[in-house]
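Student: How does the following fold in three dimensions:
(one chain, ligands or ions: 2)
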Amino acid sequence: TFSERSFVMIKPDGVSRQIVGKIISRFEERGYKLVAVKSVTPSKELAKEHYVDLAQRPFYPGLVDYITSGTPVVALVWEGKDVIRQGRRMVGATNPLQSDPGSIRGTYAVSVGRNIIHASDSFESATKEIGLWFNDKEMSSYQPTAWPWIFS
Ligand code: DAT
Ligand code: MG
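Tutor: Numbering: from 1, shown residues only. Ligands and ions are numbered 1, 2, ... in the order given. You can find the predicted model right below:
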């Protein structure tokens, strides 16, 4: 729907490689509204809970170590039409060998274990992840001036 929201996280490799601005620009330029943003150095608990659905996978410990490397992540909430599905398309496939060259992963990533960015994969995970990373006071309410020319 019109007010759909997705949770996006620029992972430590994206921050360390100093492409935060470029990634944020892609969502801004597409027409999405930035509802929340912060730099976070995640605890183990937060990283484990974020990826709890993958807890049984062999790569889970390494994934948690990567997210909690000590280098911060940038947590974002974007809002707008179809932002969950469009956000996934903009991010690209999990495995960089499969990610479209025009996608964010297809532009910046070559390893599945260093794939730069996370985006929610469903309404349910978006709701869970936004609640995990942000509280209501951190979410802003405003109307971007261009919105009537982006959504109809
Ligand atoms: P996505 O991040 O595209 O939603 P996912 O939820 O299946 O993918 O997995 C979360 C992250 O875990 C993914 O971004 C990178 C890591 N990962 C997934 N599959 C992996 C694998 N086979 N080996 C190493 N890391 C993997
Ligand atoms: Mg996922």
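Student: Can you tell me the SS state at L34?
Tutor: Put simply, L34 is strand when judged by DSSP: H, G, I helix; E, B strand; the rest coil.
Student: For burial, what's the neighbour tally of it?
Tutor: The number of residues packed near L34 is 16, by other CB atoms under 10 Å. Every C-beta, even on glycine, is put in place using the N, C-alpha and C of the backbone.
Student: quick one, what contacts it?
Tutor: I24, F27, E28, L76, V77, W78 (CB atoms under 8 Å, 6 or more residues apart in numbering).
Student: One more: Y32?
Tutor: Y32 touches W78, E79, G80, V83, G87, counting by CB under 8 Å, 6+ apart.
Student: one more time with 7 Å
Tutor: W78, E79, G80, V83 (CB atoms under 7 Å, 6 or more residues apart in numbering).
Student: Got the phi and psi for the last one?
Tutor: This means V83. phi -60, psi -30 (degrees, to the nearest 10).
Student: one step back: Serialize the contacts of Y32 to CSV and add fields for pLDDT and neighbour count.
Tutor: What follows is those, written out as CSV (pLDDT from 0 to 100; neighbours: other CB atoms under 10 Å):
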residue, pLDDT, neighbour count
W78, 98, 27
E79, 97, 20
G80, 96, 23
V83, 98, 26
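Student: Just the residues you listed: which are in helices?
Tutor: V83 (DSSP state H).
Student: Around ligand 1, which positions in the chain sit nearby?
Tutor: L54, F59, L63, T94, V112, G113, N115, H118, D121 (CB under 6 Å from any ligand atom).
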